[in-house]
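> Coordinates for the following, if possible.
(2 chains)
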Amino acid sequence: MDWLMSNLYVFVLATFLGFEVIRRVSPLLHTPLMSLTNAISAISLVGSLVILGEQRSALSTALGAIAVTASTINVVSGFLITDRMLKMFKKRNPKE
Amino acid sequence: MTELPIFTQLSYLAAAALFVLSLKWLSAPTTARRGVAAGEIGMALAIAGTLLLPDIVSYRWIIVTLLVGTAIGIPLAYLMPMTHVPQRTALSHSFGGLAVGLVGTAKYYLWAAADPARLTHFTIGVICFEVLLGFLTFTGSLMAFGKLQELLPTRPIVYRGQNVVNLSLFALALIIAVYLTIYPLTSSLFPALIALALAFGVLLILPIGGADMPTVIALLNSYAGLSASAMGFVLENKLLIIAGALDGSSGFILSIIMCRAMNRSFTNVLFGAFGQAAATQTGSEERPIRSASPEEAADILLSAARVAIIPGYGMAVAQAQHKVRELFDQLTRRGVEVKFGIHPVAGRMPGHMNVLLAEADIPYDRLLEMEEINAELSHTDVALIIGANDVVNPAAKNDHASPIYGMPIIEADKARTVMVIKRSMNPGFAGIENPLYYMDKTLMLFGDAKSFIGEIVKAIAAQKS
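From the prediction side, this is the model:
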């Protein structure tokens, strides 16, 4: 029961931390915010890798393979497109 | 749970800290790219820490799937036009949901076969929650993708008793989940739970119309995060719990902002089937409108001192953002002050318009939020509305009978002259009449946004300054 309670504490505190941090994000950047959190939550890759790598059963390996592919797509495209978008946000050109 | 080796634990701890920093740095455009770098480092550390785990006995398939995922992910990030960002976001929510659902399924069958003692009531309860949320996010987001990509009809699809069907399906899924929680080893019920979750995701998004997409995408974002967090509880992995909670709260905040910007509640968005009821009330009596040519519009813009441009989804559809930038340059060069007013729900996802305008190289300090632009509109000479409709509809303020009454709007009607670029007089998506078009100070500019603005730009360039 100990690990459960400590995990619940972690969850609750992380949620509040998330609220505080994300409340401050300017509406200007809400689209990049969504693609960045998307990439971050693709951390489920970590769990999928273990399922795939430990090769306990044919079923779990197959499901793990799909899960790793899907989360890798999210990690790679999520970070890259966020950066691509952020590069476009510029202040006024210096020449003006 | 087997104890994780110390280096894996430390890499997870560092990753969690970096993810928080990443979101913190994203708060302002000046530090935002540093935020992405922090997130990337965190992710790389977590992956490295995982690959070193002794549980992993074979790397062959890991390498193959990582390469395949990267090969698909890179073009998805670089080849996707910015107007398609909402579609890409919906697609990635569905991938996220799928991965989470599959891992939950794999864990259930592994433990049911080899280690039933691990399937405590609590664990199986969380697995059910994870699988339910993961798979409904998967199909729900696929539906959202289909609607945004216009593979599916964008209008709400409604039928009689829809809410009853949806709720009873969800109730059935909950009953199965509760039954499994009490009797963890009735594995014959598990596929039924998956099927119900998949079906519920489809049915939930069917009645959602295009104008509600910003809220729904934000909500699915939140679901994707929460399901990843649930996976963390199943795998007893705190990093997953933290990252999922951050994503979950982010999506939740965004969907609250979207709901507020439409003056609606979650239940109303999900079960209200907006736009259908409103379409009947267009008792279209012919009222006089004034229209203008590109040359006339150019003259009016040139004689203005302050111009506010209010873009909407129509600008994205017409791909007009680069022409808008040319107009912005021409006017700025001639001493006209041009600002942009961005409504929170303009477009198909939160922040959609900002990304498009930034892509067209419009400096971000010219992009104003609704409250800021509203404070300036009464001393603005021209409000130029490009492909926006409901977000500038004054009926939201003064017509109690209007379906959008109470929704905060950009008060374009306060400007001295209003110009609206629009294809025709057809009412917009929601089928709601817009009295703004019939005001004496309003000029309708009929045509495709991209070519019309192109002609205005030509007309301005032709004039000697």
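
> rest of the way, CA atoms for contacts and neighbours
Fine.

> where does the residue positioned nearest the centre of chain A land in three-state SS?
Of all residues in chain A, the one closest to the mean position by C-alpha atoms, centre = their mean is A:I40, 1.6 Å from it. What DSSP: H, G, I helix; E, B strand; the rest coil gives for A:I40 is helix.

> show me the contacts for it.
Residues near A:I40 by C-alpha atoms under 8 Å, 6 or more residues apart in numbering or on different chains: A:75, B:19, B:39, B:43, B:243, B:247.

> Just the pLDDT for it.
Per-residue pLDDT puts A:I40 at 96.

> So it versus B:G244, what's the distance?
As judged by C-alpha to C-alpha, to the nearest Å, A:I40 and B:G244 stand 8 Å apart.

> Also B:A318?
36 Å.

> So between these two, which is more surrounded?
B:G244 (34 against 15; other C-alpha atoms under 10 Å in any protein chain shown).

> what's the more buried one sitting at in phi/psi?
Main-chain torsions, B:G244, degrees, to the nearest 10: phi -60, psi -40.

> Could I get the full set of helices for the stretch 151-300 of chain B?
For the stretch 151-300 of chain B, applying DSSP state H, counting those that start in this stretch gives helices covering B:162-182, B:190-205, B:213-235, B:238-262, B:266-271, B:294-302.

> if you compare those, which one is most tucked away?
helix B:213-235 (a mean of 28; mean count of other C-alpha atoms under 10 Å in any protein chain shown).

> biggest helix in chain A by residues?
When chain A is parsed with DSSP state H, its longest helix is helix A:58-88.

> same for that helix, what does it pack against?
helix A:30-41, helix A:44-54, helix B:32-51, helix B:60-78, helix B:85-114, helix B:352-359 (3 or more C-alpha pairs under 8 Å, 6 or more residues apart in numbering or on different chains; DSSP states H and E).

> Turn the ones you listed into a markdown table, including distance to B:L254.
A markdown table is the format used below for the helices and strands packed on helix A:58-88 (distance: least, C-alpha to C-alpha, whole Å):
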| stretch | distance to B:L254 |
| --- | --- |
| helix A:30-41 | 8 |
| helix A:44-54 | 22 |
| helix B:32-51 | 18 |
| helix B:60-78 | 22 |
| helix B:85-114 | 14 |
| helix B:352-359 | 13 |
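
> Comparing those helices, which comes out most buried?
Of those, the one with the most neighbours on average (mean count of other C-alpha under 10 Å) is helix A:30-41, at a mean of 28.

> what angle separates that helix from helix B:213-235?
Interaxial angle, helix A:30-41 versus helix B:213-235 (axes from the mean of the first three to the mean of the last three C-alpha atoms, to 10 degrees): 20 degrees.

> Put together a markdown table for the helices of the stretch 151-300 of chain B, with distance to A:R23 and mean pLDDT on each row.
Below are the helices of the stretch 151-300 of chain B laid out as a markdown table (distance: least, C-alpha to C-alpha, whole Å; pLDDT from 0 to 100):
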| stretch | distance to A:R23 | mean pLDDT |
| --- | --- | --- |
| helix B:162-182 | 32 | 93 |
| helix B:190-205 | 27 | 95 |
| helix B:213-235 | 14 | 94 |
| helix B:238-262 | 7 | 94 |
| helix B:266-271 | 19 | 74 |
| helix B:294-302 | 37 | 95 |
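
> closest one to B:V392 among those helices?
Nearest to B:V392 among the helices of the stretch 151-300 of chain B is helix B:238-262; the distance by C-alpha to C-alpha comes to 12.0 Å.

> does any part of that closest one sit near chain A?
Yes - counting by C-alpha under 8 Å from any C-alpha of the partner chain, contacts between helix B:238-262 and chain A involve B:238, B:240-251, B:253-254.

> Go through those and say which is closest to B:A48.
Nearest to B:A48 among the residues of helix B:238-262 next to chain A, with distances taken as C-alpha to C-alpha, is B:L240, at 15.1 Å.

> List the contacts of the closest one.
Neighbours of B:L240 in contact, by C-alpha under 8 Å, 6+ apart: A:41, A:43-44, B:228-229, B:231-232.

> The residue nearest to the spatial centre of chain B and B:A449, how far apart?
Closest residue to the average C-alpha location of chain B: B:M349 at 2.9 Å, with C-alpha atoms, centre = their mean. Distance, B:M349 to B:A449, by C-alpha to C-alpha: 21 Å.

> now swap in B:P54 and tell me
Relative to B:A449, B:P54 is positioned 59 Å away (C-alpha to C-alpha).

> When those two are compared, which one has more neighbours?
B:A449 (26 against 12).

> my guess is that one meets B:A388, correct?
No - contact criterion C-alpha atoms under 8 Å: B:A449 and B:A388 do not qualify, at 11.0 Å.

> Please enumerate the shared neighbours of the two.
Contacts common to B:A449 and B:A388, judged by C-alpha under 8 Å, 6+ apart, are B:314-315.

> which one of the contacts of A:I40 sits closest to B:T83?
A:V75 (21.0 Å).

> what residues are up against the residue lying closest to that closest one once chain neighbours are set aside?
What sits nearest to A:V75 in space, not counting adjacent residues and going by C-alpha to C-alpha, 6 or more residues apart in numbering or on different chains, is A:A39, at 4.7 Å. Residues counted as contacts of A:A39 (C-alpha under 8 Å, 6+ apart) are A:74-79.

> please redo it, this time with the cut-off set to 6 Å
A:74-75, A:78-79 (C-alpha atoms under 6 Å, 6 or more residues apart in numbering or on different chains).

> quick one: pLDDT of the closest residue to A:S57 other than its chain neighbours?
Nearest non-adjacent residue to A:S57, counting by C-alpha to C-alpha, 6+ apart: B:L110, 7.4 Å away. At B:L110, the model reports a pLDDT of 94.
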